[in-house]
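Colleague: Following is a predicted model, sequence given first.
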Amino acid sequence: MKMKFKKLAIAKPEDLIFGRAPYPVKTKRGLTIGGDIVYPELNFTMPQIEVSPNTQNKIVQHYKDIVDDALKRAVELHSNGLVLELETVIEMTKYPQIGIEIVKVMNDVCEEYFHKDGLKTEIRLTPNDLREFDRPPKQRSSAYLPVMLELFEEGAKNGGDLLSIESTGGKEISDDALMMCNIKQFIFSQAVLGVRDMEFLWTKLKKISDRTGTILGGDTACGFGNTAMVLSEKKYIPKVFAAVARIATVVRTLVAIEKGASGPDKDCGYEGPFLKAITGIPISMEGKTAACAHLSPLGNIASACADLWSNESVQNIKLLAGMAPTVYLEQLEYDCRLMNKAIENGKDQVLTLQSLMVESDAPLDPQAIILDPFNVVKISEEIVKGKNYIEATVNGTLKGLDIIESASKNNYLSLSDMEKPWIDSLRNDILSISNDEQQLVEDILPTLDQSKILIEEYGL
Amino acid sequence: MEGIIESIKKCIEFGKIDENSPFPPDMKGEKGADELTAEALENGITPGEILNQGLIKGMEIVGQKFSEHKIFVPQMLMSAKAMDRAMSHMKIYFNDGSLTRKGTFVMGTVFGDLHDIGKNLVTMMIEGNGWEVVDLGVDVSSETFIQKINEHPNCIVGLSALLTTTMVNMEKVVNAIKGCSPDTKIIIGGAPVNEEFSIKIGADAYSPDPQGAVKYLEKMVA
């Protein structure tokens, strides 16, 4: 299968900056995402509570209170506007009436603040991918698929203006591949299974967005790249592997844009900077202000070219200052205020602030160094040279390894002795990957636990 | 004889499965856990000696190195594979009763939750330490746990969850298990849970990592 994007939308690293995307996204309540401004994206989840139709009223009240409290503070902080993400948990999608009711209530509060205070807000609706509940997953024939799509459609009609998902195509293979640091299987899971599933799913989501007049935000390889990052933070797998895995996730997420997503791409996709360089869409990113959800080595550099700045997720619990989502909104607002002041003062100040974000993280971790805008552009150039998704992934990951190796040899990047041997080992494995999809399928399938995958669910 | 046991231990420690396996590179062409275990049995070394002095000791070293962040999971998995291969020669002795496991550990991710990486690590390390492991997978109902407990009396149960909205299901599983089988010990783990939560829901233990689970089980059979 051929890739649509053949050249970069942002070819110069100095143009890959926060707050500005070649193709800004305008929302119905007046946000211009990527239009020389960075907005917060606030995400939140429940404290310990059962989610079921029996507890629906309690759950909905939680969300109403969260949004009301956060927007009240946003007004007090003179916010330029913000995005609120509703990322559903399993039961909210399985019983879509719960998810739909939450969106509706959130939207009512947003409307109230829009009319009362002029506060611009939009809701990103992110149903969780229920299909993985079937084991092995039935990506195309799952009984959960229509239920999930119902939440997309009805949620969109009730105020979910930006549609996103963390889709799971290939996850039945990638989890084990990550644990074994098997880069060949991991690339197969992304560039073959992931790409095929994205084409299937995002064709359906495009139709929903067309019918409902909503914006297709984008996907995220959270379940792949971020799983690798978290495993490497726990020292379970090498950071070098996690960095290469991140690059390998780019093409599957790119398919959403090929199918019609216009951004903002979703926050937990650290592949976002590559998508922005390749396609020019605005992206959401998360870093230091997402430590409430997961640790990362990317706290500052993650904001280097963000258009939305997110906290990933925080439980609705009471902290000293107030409820956690409101507290995190305030942190995001101040981060955005700083970036927006730099934008207001001109590009020199943007690049100065960006260089501090980059230089404070890049020398400390291979996962950070690949997100240096200079390296993002170099890697993205290699990705778009690929004749198909596999070759694109091979090109990108090899370039990433070269960058990591060179930085290590120049003593710019600190790599432990345990990490260094993985560079050659990964390079050799990647070089042995066939760029022909059919051949790669034939090579990889016999190495997989056949009980875990239904290959026909990927159209293979 | 001691030499061959030491060699088996080394194969487990470094994940050398058999003569043909390319890992680890510096043991290329050498006999692996597979050949050496068969050889040891042929030479009259008792299965118990091979198991306790070779295989389990080797895995203990692996667990220690992992705890000290001296190896990554893939290396530990290679050790587990080497252990599995060696254990294939020992099955007959388990079947005839001349070898016994330390006990049975029944583990699953509770219903509503699909996360299994943490669970898989725990089961791998516990199996490597000489336990029979019954891995129930993910999204496991209370009924399935109870059914397996009935099939494996005296087993210890492990529950895993990764979400704040599914950790509440742990309490339901614990209540169901304790209602049917009050003496069954239950250990819990997962990102959102802690010792306090474990006590609150009536579980017997909490572990933040796989190594802690191994230590708890060892304590139970000490």
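Modeller: Received, thanks. All of these numbers come straight from a predicted model, not from anything done at the bench. Residues are numbered from 1 along each chain as shown, chains lettered A, B, ... in the order given.
Colleague: Pull the residues that contact stretch A:345-352.
Modeller: In this structure, residues lying in contact with stretch A:345-352 by CB atoms under 8 Å, 6 or more residues apart in numbering or on different chains are A:E14, A:I17, A:F18, A:G19, A:M339, A:K341, A:A342, A:I343. Using the backbone N, CA and C atoms, a C-beta is placed for each residue, glycine as well.
Colleague: and B:D116, what pLDDT?
Modeller: As predicted, B:D116 sits at a pLDDT of 84.
Colleague: near chain A, which residues of chain B show up?
Modeller: Counting by CB under 8 Å from any CB of the partner chain, the residues of chain B close to chain A are B:69-74, B:77, B:112, B:114, B:116-117, B:120-121, B:137-139, B:163-169, B:192.
Colleague: Among those residues, name the buried ones.
Modeller: Neighbour-count burial (16 or more other CB atoms under 10 Å in any protein chain shown) is assigned, among the residues of chain B next to chain A, to B:71-74, B:77, B:112, B:114, B:116-117, B:120-121, B:138-139, B:163-169, B:192.
Colleague: B:A176: neighbouring residues, count only.
Modeller: In terms of burial, B:A176 registers 15 neighbours under the definition other CB atoms under 10 Å in any protein chain shown.
Colleague: Pull the contacting residues for the nearest residue to it once chain neighbours are set aside.
Modeller: Nearest-residue entry for B:A176: B:S142, 3.6 Å, with adjacent residues in sequence omitted and distances by CB to CB, 6 or more residues apart in numbering or on different chains. By CB under 8 Å, 6+ apart, the contact set of B:S142 is B:F111, B:K172, B:V173, B:A176, B:I177.
Colleague: Contacts only, for the third one.
Modeller: It stands for B:V173. B:V110, B:F111, B:V140, B:S142, B:F145, B:L159.
Colleague: repeat for the second one
Modeller: Contact analysis of B:K172 by CB under 8 Å, 6+ apart lists B:V110, B:S142.
Colleague: Could you do the fourth one as well?
Modeller: B:A176 sits next to B:S142, B:E143, B:F145, B:I146 when contact means CB under 8 Å, 6+ apart.
Colleague: From chain A, how far out is the second one?
Modeller: Distance, B:E143 to chain A, using CB to the nearest CB, to the nearest Å: 17 Å.
Colleague: Helix, strand, or coil at the residue nearest the centre of chain A?
Modeller: A centroid search over chain A (CA atoms, centre = their mean) returns A:G269, at 2.1 Å, as the residue closest to the centre. Assigned by DSSP: H, G, I helix; E, B strand; the rest coil, the conformation of A:G269 is coil.
Colleague: measure it to A:G218 for me?
Modeller: 7 Å (CB to CB, to the nearest Å).
Colleague: okay, and the common contacts of those two?
Modeller: Between them, A:G269 and A:G218 share the contacting residues A:T253, A:L275, A:I283, judged by CB under 8 Å, 6+ apart.
Colleague: how about those in TSV, adding secondary structure and pLDDT?
Modeller: Compiled in TSV, the shared contacts of A:G269 and A:G218 are given as follows (DSSP: H, G, I helix; E, B strand; the rest coil; pLDDT from 0 to 100):
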residue	secondary structure	pLDDT
A:T253	helix	98
A:L275	helix	98
A:I283	strand	98
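Colleague: Quick one: the strands in chain B, in order.
Modeller: Along chain B, the stretches classed as strands by DSSP state E are B:104-109, B:132-135, B:156-160, B:186-189, B:205-206.
Colleague: Same question for chain A.
Modeller: Assigned by DSSP E, the strands in chain A fall at A:20-26, A:32-35, A:39-43, A:82-87, A:121-126, A:160-165, A:215-219, A:284-286, A:308-310.
Colleague: Just send those strands back as TSV, with distance to A:I383 too.
Modeller: TSV is the format used below for these (distance: least, CB to CB, whole Å):
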stretch	distance to A:I383
strand A:20-26	17
strand A:32-35	21
strand A:39-43	26
strand A:82-87	27
strand A:121-126	25
strand A:160-165	22
strand A:215-219	16
strand A:284-286	19
strand A:308-310	23
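Colleague: any chance of those in CSV, plus mean neighbour count and mean pLDDT?
Modeller: As requested, these are exported to CSV (neighbours: other CB atoms under 10 Å in any protein chain shown; pLDDT from 0 to 100):
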stretch, mean neighbour count, mean pLDDT
strand A:20-26, 19, 98
strand A:32-35, 22, 98
strand A:39-43, 29, 98
strand A:82-87, 25, 97
strand A:121-126, 28, 98
strand A:160-165, 28, 98
strand A:215-219, 29, 98
strand A:284-286, 31, 98
strand A:308-310, 31, 98
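Colleague: Of all these, which one comes closest to A:A362?
Modeller: strand A:284-286 (15.2 Å; CB to CB).
Colleague: which strands and helices sit next to the closest one?
Modeller: Based on contacts counted as 3 or more CB pairs under 8 Å, 6 or more residues apart in numbering or on different chains; DSSP states H and E, the elements that strand A:284-286 packs against are helix A:272-279, strand A:308-310.
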